[in-house]
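[1] Next comes the sequence, and after it the predicted model I'd like to discuss.
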Amino acid sequence: MTVHTKSISAQRVRHDAKITLPEKRVGSHRRADPTVLNQWSALTMRTVRTMARYGELVVAAITPVVFGLGFYLPLKFVMSLQGIDYAQYLMPIIVLQAMAFTAISAAQLSSGEAMTGLTSRLQTMPVFSAVPLLSRMSSAMLRSVVSLAGALLFGYAIGFRFSAGFAQAVLFCATALAISLVLALGADAIGTLSKSPEATAQALTLPQLILGMLSCGFVPEEGFPEWIRPFVRNQPISQFSFAMQDMAEGGVTWQVLFPTVAWCTGLALVFAPLAVWASTRRG
């Protein structure tokens, strides 16, 4: 999957970076439409068409399926011996890993635009400074929605169910997308600053895999050595998975939800200004 992502990234970098903004006809002259909505729409649709051309939405949909099967099949029997419904237990971390992979794709997109000079060119055009970042976040959220849908379809195929009701299911999906947005903001900033899609993907893949493996998303806390349990229990991926597991079954309480809200808020306060600065800086 990583090799395929790098191949897509390389193709996108070679793709022509030109961008045409919507225009209005005024007499015999044409000028760029200055509205934020039209600029955002033009940039977002350009990215979505590129994603569709290179099959990135298909990859986003099947990634959680491949990732989920890699853990569900070998661990299902072992967990059943401990009385754990592994499909129900596993789904939150599969969704979280899918959101992390879409953030990596967001980083590759911003890095490719910076490397080809599109970011610098947009800064010289009559484009509102926030529009390029907003368009990249919009495409990242589309990719996240597709990936989330793929993960949930896989979950339902192996027996996962939202047994806590419709409101908790909506909260589950909203939490996943909020986490995805926060991660995408941070990844976008890193990609813009690095200007190397391949290096960015490699730099971001390893930390998210390590944090995922050293979390309570795949196995309970008791499955880890005692010396590392405090880290495993309190790191953000575990806190996210605790809250989402409760949303899917039984309903989440504020006590369990609060760490997730705190982590998302804290990360957003760091990543959002960094993404804006990286996207608007010149040089």
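    Looks like it arrived, so ask away. Nothing here was measured: the structure is a model prediction, and the numbers come from that model.
[2] going forward, measure contacts between C-alpha atoms and count neighbours the same way
    Noted.
[3] Please, where are all the helices along the protein?
    With DSSP state H, the ranges of helices along the chain come out as 2-14, 36-53, 56-81, 86-116, 118-123, 131-158, 166-194, 197-213, 229-234, 236-248, 254-280.
[4] and these, which is most packed in?
    helix 86-116 (a mean of 26; mean count of other Cα atoms under 10 Å).
[5] tell me the angle that one makes with helix 131-158.
    Note on geometry: by axes from the mean of the first three to the mean of the last three Cα atoms, to 10 degrees, helix 86-116 and helix 131-158 are set 160 degrees apart in direction.
[6] What is helix 86-116 packed up against?
    Applying 3 or more Cα pairs under 8 Å, 6 or more residues apart in numbering; DSSP states H and E, we find helix 86-116 packed against helix 2-14, helix 56-81, helix 131-158, helix 166-194, helix 197-213, helix 236-248.
[7] Of all the ones you listed, which one comes closest to Val36?
    Closest to Val36 of these is helix 131-158 (Cα to Cα; 6.8 Å).
[8] mind checking which of the helices of the chain is nearest Glu221?
    helix 229-234 (6.3 Å).
[9] which outside residues touch the closest one?
    Here helix 229-234 makes contact (Cα atoms under 8 Å, 6 or more residues apart in numbering) with Leu214, Ser215, Cys216, Glu221, Glu222, Ser238, Gln239.
[10] so how far is it from its chain's centroid?
    24 Å (Cα atoms, centre = their mean, to the nearest Å).
[11] what ranges of the protein fall below the confidence cut-off?
    Applying pLDDT under 70 to the chain picks out residues 1-34, 282-283.
[12] What separation is there between Gln239 and Leu96?
    11 Å (Cα to Cα, to the nearest Å).
[13] State the pair within the contacts of helix 229-234 that is farthest apart.
    Farthest pair in those, by Cα to Cα: Glu222 and Gln239, 15.5 Å.
[14] Give the buried subset of the contacts of helix 229-234 as a PyMOL selection command.
    Written as a PyMOL command, the selection of buried residues from the contacts of helix 229-234, which uses 16 or more other Cα atoms under 10 Å, is:
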select buried, resi 214+215+216+221+238+239
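[15] Can I get the contacts of helix 229-234 in JSON lines including distance to Phe166?
    Output for these, formatted as JSON lines (distance: Cα to Cα, whole Å):
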{"residue": "Leu214", "distance to Phe166": "31"}
{"residue": "Ser215", "distance to Phe166": "27"}
{"residue": "Cys216", "distance to Phe166": "25"}
{"residue": "Glu221", "distance to Phe166": "29"}
{"residue": "Glu222", "distance to Phe166": "31"}
{"residue": "Ser238", "distance to Phe166": "24"}
{"residue": "Gln239", "distance to Phe166": "22"}
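[16] mind checking how far Arg143 is from Pro197?
    Taking Cα to Cα, one finds Arg143 at 17 Å from Pro197.
[17] thinking again about what came up before, for Tyr86, state which of the contacts of helix 229-234 is nearest.
    Cys216 (12.5 Å).
[18] show me what contacts that closest one?
    Val232, Arg233, Ile237, Ser238, Ser241, Phe242.
[19] Is the fifth one in contact with Pro92, as I believe?
    When you say that, I think you mean Ser241. Yes: assessed by Cα atoms under 8 Å, Ser241 is found in contact with Pro92 at 5.4 Å.
[20] intersection of neighbour lists for these two?
    Contacts common to Ser241 and Pro92, judged by Cα under 8 Å, 6+ apart, are Gly217.
[21] Please report phi then psi for Pro126.
    When quoted as degrees, to the nearest 10, the phi and psi of Pro126 stand at phi -70, psi 60.
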